[in-house]
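>>> need a structure here:
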Amino acid sequence: MSFSELFDSGFRTRNEDHFASIVRVAMDDGIITDEEKAFLERTARRLEIGEDNYADIVKNYKTHPINPPTSYDNRLERLYDLARMVYVDPIKGAHKEIVLCKIAVGLGFSVDNVKYVVDKALTLVSNGVDLDTFSEEIKTMNQ
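Residues are numbered from 1 along each chain as shown. From the prediction side, this is the model:
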């Protein structure tokens, strides 16, 4: 196996684990709505997850670990994806925020301010901001 194959495999695994985290949020209420499915399909394409892997991850999402990225910018990107998933879910109760907080802690956000970060993330997403604005706003609040 060449070095590039090792890198591709690790990169692919991280993307699959990230995608499984998003599926975990979508499946929290036990169903995937049409809007969630469309978002999952777009995200899977962006993460270069093939159709076979997509079906397997949706079926077995709990078997994938939450692997926190080492880069803060990558953590913000993942939080942005997850916050958008929660936002499109028709059930917006406190339970969704609890799940997002747990996953955010798994991504490496501090337990001390994760509730504040998640609240801010959901507000930004509900306002329709793009990833760059989202990242800037979250970084500004943590200074």
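
>>> can you pull out the helices in the protein?
3-26, 34-46, 51-59, 72-88, 94-107, 114-126, 131-141 (DSSP state H).

>>> which stretch among these comes nearest P65?
Using CB to CB as the criterion, the shortest distance between P65 and the helices of the chain is 5.9 Å, found for helix 3-26. C-beta: built from backbone N, CA, C; applies to glycine.

>>> what's the closest one packed up against?
Using 3 or more CB pairs under 8 Å, 6 or more residues apart in numbering; DSSP states H and E, the elements in contact with helix 3-26 are helix 34-46, helix 51-59, helix 72-88, helix 94-107.

>>> ok, now which ones touch the residue nearest the centre of the chain?
Centroid-nearest residue in the chain, with CA atoms, centre = their mean: L82, separated by 3.4 Å. Contacts of L82 were listed using CB atoms under 8 Å, 6 or more residues apart in numbering, and they are 21-22, 25, 100, 103-104.

>>> Arrange the residues you listed in CSV, one row each, with distance to R45, neighbour count and pLDDT as further columns.
Formatted as CSV, the entries for the contacts of L82 read as follows, by distance: CB to CB, whole Å; neighbours: other CB atoms under 10 Å; pLDDT from 0 to 100:
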residue, distance to R45, neighbour count, pLDDT
S21, 17, 25, 86
I22, 13, 24, 86
V25, 18, 22, 82
L100, 23, 26, 85
I103, 21, 22, 83
A104, 24, 26, 88
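
>>> Looking at those residues, point me to the pair that's furthest apart.
Across those, the two members that end up farthest from each other (CB to CB) are I22 and A104, 12.6 Å apart.

>>> Show the low-confidence segments of the chain, by residue range.
Residue ranges of the chain with pLDDT under 70: 1-9, 90-93, 142-143.

>>> cutoff 80 now
Segments of the chain classed as low confidence (criterion: pLDDT under 80) are 1-11, 28-29, 66-68, 86, 88-96, 99, 142-143.

>>> circling back to that earlier point, and the helices of the chain as a markdown table, adding distance to I66?
Formatted as a markdown table, the helices of the chain follow (distance: least, CB to CB, whole Å):
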| stretch | distance to I66 |
| --- | --- |
| helix 3-26 | 5 |
| helix 34-46 | 16 |
| helix 51-59 | 13 |
| helix 72-88 | 9 |
| helix 94-107 | 4 |
| helix 114-126 | 13 |
| helix 131-141 | 19 |
